[in-house]
Structure formats: structure tokens, C-alpha cells
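Asker: Kindly return the folded structure for what I paste below:
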Amino acid sequence: MNQQAGLETSKGLVTNVNNRRFGLRDKMGYLFGDFGNDFFFILASSFLMVFYTDVYGISAAAVGGLFLIARLWDAVADVTWGRFIDTRKAGPKGKFKPWIFRMSFPLVVTGVLMFVHIPGMSDGFYLAYAFVTYILWGTLYSTVNIPYGSMASVITSDPVERTSLSTFRSLGASLAGLIINVVGPLIIFVDNKADANRFFLTAVIFAILSLSCYMACYSLSTERITSSNNSKVKTNFRATLKGFKKNKPLIWILIASLAIMTCFMLTGAVNVYLFKDYFGSAKALSMMGLIQTATIFITMPLIKPLVARFGKKETASAGLLLAAIVYALLYFMPNLSVNQFIGVMTVASFGTAFFNMTIWAFVTDVIDYHEYLTGLREDGTVYSVYSFARKVGQAIAGGLGGFAISAVGYNAQLKAQSQDTLQGVHTLATLLPAVMVFIVFLILVFLYPLNKKRTLQLATDLTENRSL
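Answerer: Next up, the predicted model:
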């Protein structure tokens, strides 16, 4: 390894050793990135469907179709944008950070536009407006989220430090979730009904907070590792594809992420109807959101020692098994009160927190494995392919959510839903996630190959390869 003018180079990678050392500032900067992302992502995931059905009067089935089309388009946009970024040269501020700065403002403006309600317009106008604004927002989201997610692998190359980044990223998302899921229902629902003006006010507030978080991410994060092989990216796409086919960790984490995103997005949308109609208390969503975030704070200090001792795969899979068991138990207990339901659900949230806190560290591992197979450092491309799987999961969940709510007979015009509809909503919120979380558990345990021993060996092998 050579050192010149404050740079360490190794097989296509350049590390600026004059940069400050990795520390809390980087973790906080990375936290703010997902904090900013999730102000609108969670708001849209949790409440946009009920805004469309109850404010715009769009049928749940039509909303499902919109979500399906939009997310599939976003999946393509993710890969296109990731590939585009990998062909760009790093500037003084890095390769990924500048895109967060450039694209965050149009992103949050479009987020506000999604929640604009013009009274007295036709059903066709509302449907067309929903399509245009939602798809535009999703496309712009890719231009910020892809560079943000890719940036983790160039902030540090140390596996333990990357786990810390993953933990802080999950914490940022949880803090946004705390605000949205706790404060949101208190603002946007009036007398247990969605209020158009309150939705717009919430969107404006979150836009200001989101933009502030993006700027904090840009200011606090430091990219230390850059590739000197940027010119090779365009000519090695065939090698990239071959690497993907051989990259079993990537393939299985893509499948697991697709399934888990489908599960979480679907239950997030269904839970609004569960609490609003099944339990008759939309504002109880605030308590649920508060407890879910509390589980993240409880889990956070446990992640590093557990991962250090047992490994990411082992820790995450144990949490998923616990969550699957609890969701199944909830299905067989339909007569719980809202507080009892929340109490039992807390245990499931505790289980899924272990997966959520480590998932981004899994991604950096598969990026490293891609380099190990191909010799190419393509952070943006690999991350965008991973994001592609998540967007497909969101598309499936969006489509299934709308179709499922429609299939169980939900009708926004009724003052009270039928008993069959309420039971159907309960099944969607309990049995379905039980099955899907258990499937992801099986994938991690039996099919995902990077256990603790192999992950540590991968880091060693890469260090040796880069020094050649």
C-alpha cells in the first residue's frame, strides 16, 4: 500500500488519510440522512392511502394500482440513478454527498404537493393529480436516497463501524417514525376522521424538518474512500452482471428485503384501518408509534455487543423468529382490547428491531462481496439494485394493500364497517406478517451465506486483494 500526499491507494481505491477519523460526527450525519428521508417516506407509507381514500375519495383498489405502478417505476429509477452516479467522478465533497445537497429541495417540495387538496374537483382530477405528484415524488426520492445509501460504504471500510452506521441510520428512521406515528395521528385526524387541511399542515412542517436534516447529513458526513476506476465502470457492465449472478449473499438479501418490505409496508398501511375502524381509535396509533420507537432505543445499545459476539445474520434471524411467533399469537387473540393488542405487539416490534438495526450493514457486506468477486467497487450500482428490491416490495405492498383493503369490503362512505370487514382487517394485520416474517427468518438462517465467520474472512480477503 502506497502513501502519497495524504492518500492511501489500494487496487482502485483511494483513502484520504488527512480526513478526520471516523467517529460520532459521521454517525450523527448518517442518522440525519434517514431522519430526513423518513419524514415523508413514513408519512406516505402510513397515511397516504387513507388520505387518498377518505379525502380524495379514490377507491382503495385504484390506490393500490397507483402504488404498484409508482413503485415499479421507482425501482427502475433507482437502478438508473445508481448506475449514473457510479459513472461520475468524486468531487471535493465526495461522490455521493453533493447529490443529497442538490436534490433534497425539489424532493421536499414535491412531498408537500402530494397532500394538496383542491375542494370541488372531479374524481378524475383527484386520481390524475395523485398519479402525477406521487410518481414525481418517488422519482426525486431516488435521486437523494440512492447516493445516501451508497455513501455508507465510503465513509468507512471497517465492518464494526459500518454496523454502527446501520444502527444510527435505523435510529434516524425511528426518530422520524416517532414524530410521524405519535404526533401525526393527533394532528391529521379530527373526530376520528382524516382532515385535508391538517394533512397539508403536517406536510409543510415535515418538509421544513426534512430539509434541515438533509443539510445536517451533508455537513456532518465525510467520504473517505473514493475509487480511481471510475472510467472503467462503463466498460465493465457485463462483469457487473456476472458478479450479480454469482453473488449469493446479494441475491438472498434482495429476496429477504423484498419480502420484509412487502410485509412492513402492508402492515403499516393496514394498521391505520385496524386502529381507526377495528379498535375505533385512530389516535391509539400514537401510542403504538411511541412504543415501536422505544423498542429501537432499547435495542440500540444491544446491537453492537450481540453482533460482535454472534454476528449480524445470527442476531437478526433470532429477532425475526420472535416477531413471527408474536404475530401468530395475535391472530389467535382477536378479542384483545386496543391497549392489550399494543402491549403484545411491542414484543414483535422488539424482535423486528434487531433486523431493522442491522439491515444496512448487510448491504455494505454484499457490496464488499461484489468487489471480492469482480474486483470492481460499484457502491451506487449494488446499492441501487438492493433499493430496486425494496421498491418492488413497496410496489407489491402498495398494490396488495389497496386490493386487500378493498377485498375485505372496506367502504370509506360507511359510518361503520361490517364485522366481516373488521375481521378481515385484523387478519391482514396479524396472520399475514406472521407468515412473511417467518419466511424471511428461514431465508436468513438457511440460505444467506455470510455468517459471522465468513464476514470476518471477507474483510481480511479484501484487504489482502487491495494490497496486491
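
Asker: Share the number of residues neighbouring residue 305, please.
Answerer: If you count neighbours by other CB atoms under 10 Å, residue 305 ends up with 10. Every residue, glycine included, has its C-beta placed from N, CA and C.

Asker: What distance do you get for it to residue 26?
Answerer: Residue 305 is 21 Å from residue 26, where distance means CB to CB, to the nearest Å.

Asker: same deal with residue 290?
Answerer: Going from residue 290 to residue 26 by CB to CB gives 28 Å.

Asker: So for the two, which residue has more residues nearby?
Answerer: Remark: of residue 290 and residue 26, residue 26 carries more neighbours, 24 against 15, as counted by other CB under 10 Å.

Asker: what residues are up against that one?
Answerer: Contacts for residue 26 (CB atoms under 8 Å, 6 or more residues apart in numbering) come out as 155, 156, 165, 220, 221, 222.

Asker: Now flag whichever of those residues is closest to residue 328.
Answerer: residue 165 (33.1 Å; CB to CB).

Asker: Spell out the residue ranges of the helices in the stretch 351-468 of the chain.
Answerer: Remark: helices assigned in the stretch 351-468 of the chain by DSSP state H, counting those that start in this stretch are 379-407, 419-446, 452-466.

Asker: Can you name every helix or strand that the longest one contacts?
Answerer: It stands for helix 379-407. Other elements packing on helix 379-407 under the criterion 3 or more CB pairs under 8 Å, 6 or more residues apart in numbering; DSSP states H and E are helix 24-54, helix 60-86, helix 123-150, helix 152-155, helix 248-273, helix 338-374, helix 419-446.

Asker: Quick one: closest of those to residue 116.
Answerer: Among the helices and strands packed on helix 379-407, the nearest to residue 116 by CB to CB is helix 123-150 (7.8 Å).

Asker: Rebuild the helices and strands packed on helix 379-407 as CSV, extending it with mean pLDDT and distance to residue 103.
Answerer: Compiled in CSV, the helices and strands packed on helix 379-407 are given as follows (pLDDT from 0 to 100; distance: least, CB to CB, whole Å):
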stretch, mean pLDDT, distance to residue 103
helix 24-54, 88, 12
helix 60-86, 83, 10
helix 123-150, 91, 4
helix 152-155, 83, 18
helix 248-273, 85, 22
helix 338-374, 87, 20
helix 419-446, 93, 31
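
Asker: Would you tell me which of the ones you listed gets closest to residue 296?
Answerer: Residue 296 lies closest, by CB to CB, to one member of the helices and strands packed on helix 379-407: helix 338-374, at 5.4 Å.

Asker: What residues of the closest one count as buried?
Answerer: Within helix 338-374, the residues scored as buried using 16 or more other CB atoms under 10 Å are 338, 341-342, 345-371, 373-374.

Asker: swap in stretch 311-324?
Answerer: Neighbour counts using 16+ other CB under 10 Å place 311-313, 315-324 of stretch 311-324 among the buried residues.

Asker: CA atoms only for that stretch, dumped as PDB, please.
Answerer: What follows is stretch 311-324 as a C-alpha-only set of coordinates in PDB (Å, rounded to 0.1, in the frame of the first residue of the first chain):
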ATOM      1  CA  GLY A 311     -22.800 -11.900  14.000                       C
ATOM      2  CA  LYS A 312     -25.400  -9.900  12.100                       C
ATOM      3  CA  LYS A 313     -27.100 -12.800  10.500                       C
ATOM      4  CA  GLU A 314     -27.500 -14.700  13.700                       C
ATOM      5  CA  THR A 315     -28.800 -11.700  15.700                       C
ATOM      6  CA  ALA A 316     -31.200 -10.500  13.000                       C
ATOM      7  CA  SER A 317     -32.700 -14.000  12.400                       C
ATOM      8  CA  ALA A 318     -33.300 -14.600  16.200                       C
ATOM      9  CA  GLY A 319     -35.300 -11.300  16.300                       C
ATOM     10  CA  LEU A 320     -37.400 -12.300  13.300                       C
ATOM     11  CA  LEU A 321     -38.300 -15.600  14.800                       C
ATOM     12  CA  LEU A 322     -39.500 -13.900  17.900                       C
ATOM     13  CA  ALA A 323     -41.600 -11.500  15.800                       C
ATOM     14  CA  ALA A 324     -43.200 -14.200  13.700                       C
END
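
Asker: I'd like the average pLDDT over it.
Answerer: Model confidence over stretch 311-324, given as mean pLDDT, is 94.

Asker: and what of stretch 454-468?
Answerer: For stretch 454-468, mean pLDDT is 77.

Asker: Buried residues, that stretch. List them.
Answerer: Residues of stretch 454-468 classed as buried: 455, 458, 459, 462, 466 (neighbour count, 16+ other CB under 10 Å).
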